[in-house]
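**Student:** After the sequence you'll find the predicted model.
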Amino acid sequence: MPDTTDMPDTNNMDTDNLSSSDMSPPENNVEVVLETPMQLEVTVEQPALPPPAPQEESETEQAQKTLNTLELIPEIADQLNQDNSQYDLHVQLISLLQQADLADQLEMARENMHDIYPLTENMWLDWINDARKEAQTEQGEERLRQIYGEAEKDYFSIAIWKSYIDFILEKFHSQIGTDGKEQPSMDDVAELIDSTREDLLRAVRACNYHVLQSHEIWNPYIDFELEILERYPSPDGFAKVKQLFLERLDALHIACEETFNKYSTFISTYDNANYENSLVEANKIYAKTKEAAEARDYYEQQLVCEPNPFRFPKISSWTHPRSHRIRFAERNWIFPRCILSIY
C-alpha cells in the first residue's frame, strides 16, 4: 500500500495562491460568442394604383375647341383660293370640316380636292360612309354609286370594294323580305336577284386577279348564290353554283384551301350521294392551284412587306398553275399593285 503521508492535501489547498494562468482554459478551446437575434426588415409592397382616368373635356373646353376649328376653316379656305395645289391644306380643310360637322362644305371640299388629286383610301372610305347614311333615298343611292365609281377610277382598293359589297348585300336583304315582313312578288324577287348578282359580279371581276385577297370579295358573292339556292332550290341553281365553285378552284388564289372546304360542305349538303365522285373531280383542279398558290405566296408576301419596290422579285418568274407563267392580264394587274405598295 503506497504511503500517502507525503501527498498534498487538496482539500486544504489555498486556492488564493493559484495564478490566473493556472485557471485559464486550454488554448484549443473554442470561444462561443452569442449574438443578439438578427432583426429582419419586411417590406410590404403596396399594390400599384391604376392611372387616373382621363378627364373628359368640359363644355367650355369643347366649345373653345369648336370655336378654334371654325376660325381656322375660312383661313385655310382663303389660302386654297389663292393656290389650290397645296395638298396638305386640302387634307387639313377636310379634317376640320369633319370635326365641325359641316356636311355641305365637306362635300364641296372633297370634290375640290378630287378635281386635282386622288384621295387616299381612308378619305374615300370616310366619304363613302357619309354618303351611305343618305342612301335610303333613290337620289342618295345614286350619289353613293357615283362616289364608288370615282373611287374605283383613282386606284384599286380591296377595302373599298368590300364596302361596295356590303352596301349591295345590305340593300338586297332589306328588300328581299324576311319572316314577319311583306314578301315581294316573284317577278320583283327575280329582278332583285338579277340586279344584285350583276352588282356583285362587278366587284368579283375587278378583284379576280388579286391572288392574296380576292377571296374577301368572292366569298360574300358565293354566299349570296348559296342563299338564293337555299331560298329557291332547283337543279339549275345547284348546277350553277357547282360550276362557280369549280371555276373558282381553277383560279389562282392563296385561300384556295378555304374554297375547297366550302365546296365540300356544299356537295355534302346538296348532293351527298355523289360526294366522293364530286370531290375527286374537284381535287384534280384544286391540287394544281394549291401547288401554284404555295409557290406564289412567297412573292405575295414580298409584295406586301418589301418597302422598296425596286427590290421586288422579277414578276416574270411568278408561277401560274397552267403555264407556269403569269397570264398577260394578271401581269398587267400586278404592276399597279407594286406601285401602290409604295404609298
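**Tutor:** Thanks, I have it.
**Student:** From now on I want contacts and neighbour counts done on CA atoms only, so please keep to that.
**Tutor:** OK.
**Student:** Would you mind listing where the stretch 151-300 of the chain has pLDDT under the threshold?
**Tutor:** 178-181 (pLDDT under 70).
**Student:** er, the stretch 1-150 of the chain I mean
**Tutor:** Short version for the stretch 1-150 of the chain, where the test is pLDDT under 70: 1-57.
**Student:** mind redoing it with 50?
**Tutor:** 1-44 (pLDDT under 50).
**Student:** Would you state the strands of it in chain order?
**Tutor:** Taking DSSP state E, counting those that start in this stretch as the test, none of the stretch 1-150 of the chain falls into strands.
**Student:** any chance you could map the helices in this protein?
**Tutor:** Under the criterion DSSP state H, the chain contains helices at 20-23, 59-82, 87-100, 103-114, 121-132, 138-154, 158-176, 186-207, 215-231, 235-250, 256-270, 275-305, 328-340.
**Student:** got TSV for the ones you listed, with mean neighbour count too?
**Tutor:** Listed next are these as TSV, based on neighbours: other Cα atoms under 10 Å:
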stretch	mean neighbour count
helix 20-23	8
helix 59-82	13
helix 87-100	17
helix 103-114	15
helix 121-132	17
helix 138-154	15
helix 158-176	16
helix 186-207	15
helix 215-231	17
helix 235-250	16
helix 256-270	17
helix 275-305	16
helix 328-340	13
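**Student:** got a list of what Gln183 touches?
**Tutor:** Residues near Gln183 by Cα atoms under 8 Å, 6 or more residues apart in numbering: Ile176, Gly177.
**Student:** any idea how far it lies from Glu191?
**Tutor:** 14 Å (Cα to Cα, to the nearest Å).
**Student:** and what of Asn112?
**Tutor:** Distance from Asn112 to Glu191, by Cα to Cα: 37 Å.
**Student:** now Asp101
**Tutor:** 38 Å.
**Student:** what does Ile285 give?
**Tutor:** Here the criterion is Cα to Cα. By it, Ile285 lies 34 Å from Glu191.
**Student:** Next: Ala239.
**Tutor:** 21 Å.
**Student:** same question, Glu61
**Tutor:** Distance from Glu61 to Glu191, by Cα to Cα: 54 Å.
**Student:** Ser268 too?
**Tutor:** Ser268 is 30 Å from Glu191, by Cα to Cα.
**Student:** With Arg202 instead?
**Tutor:** Per Cα to Cα, Arg202 is found 17 Å from Glu191.
**Student:** Then Thr259?
**Tutor:** For Thr259, the distance to Glu191 (Cα to Cα) stands at 28 Å.
**Student:** next one: Glu152
**Tutor:** In terms of Cα to Cα, Glu152 sits 26 Å off from Glu191.
**Student:** dump the residue contacts of the residue nearest to Glu300 when sequence neighbours are not counted.
**Tutor:** Among residues not flanking Glu300 along the chain, Leu212 sits closest, at 6.8 Å (Cα to Cα, 6 or more residues apart in numbering). By Cα under 8 Å, 6+ apart, the residues touching Leu212 are His253, Ile254, Ala255, Asp297, Glu300.
**Student:** For these, work out which two are farthest apart.
**Tutor:** Ala255 and Glu300 (12.5 Å; Cα to Cα).
**Student:** chain center to stretch 286-300: distance?
**Tutor:** With Cα atoms, centre = their mean, to the nearest Å as the basis, stretch 286-300 stands 23 Å off its chain's centre.
**Student:** quick thing: my sequence starts at 38, can you match it?
**Tutor:** Happy to do that; since the first residue is 38 now, the last one works out to stretch 323-337.
**Student:** Could you export that stretch as PDB, CA atoms only?
**Tutor:** The C-alpha trace of stretch 323-337 is given here as PDB (Å, rounded to 0.1, in the frame of the first residue of the first chain):
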ATOM      1  CA  TYR A 323     -57.600  22.100-106.600                       C
ATOM      2  CA  ALA A 324     -54.200  20.200-106.300                       C
ATOM      3  CA  LYS A 325     -52.700  22.200-109.200                       C
ATOM      4  CA  THR A 326     -54.000  25.500-107.900                       C
ATOM      5  CA  LYS A 327     -52.800  24.700-104.300                       C
ATOM      6  CA  GLU A 328     -49.300  23.900-105.600                       C
ATOM      7  CA  ALA A 329     -49.100  27.100-107.600                       C
ATOM      8  CA  ALA A 330     -50.500  29.100-104.700                       C
ATOM      9  CA  GLU A 331     -47.900  27.800-102.300                       C
ATOM     10  CA  ALA A 332     -45.100  28.800-104.800                       C
ATOM     11  CA  ARG A 333     -46.700  32.200-105.300                       C
ATOM     12  CA  ASP A 334     -47.300  33.000-101.700                       C
ATOM     13  CA  TYR A 335     -43.600  33.900-101.200                       C
ATOM     14  CA  TYR A 336     -43.800  36.600-103.800                       C
ATOM     15  CA  GLU A 337     -47.100  37.900-102.500                       C
END
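**Student:** Many thanks, I have nothing further to ask.
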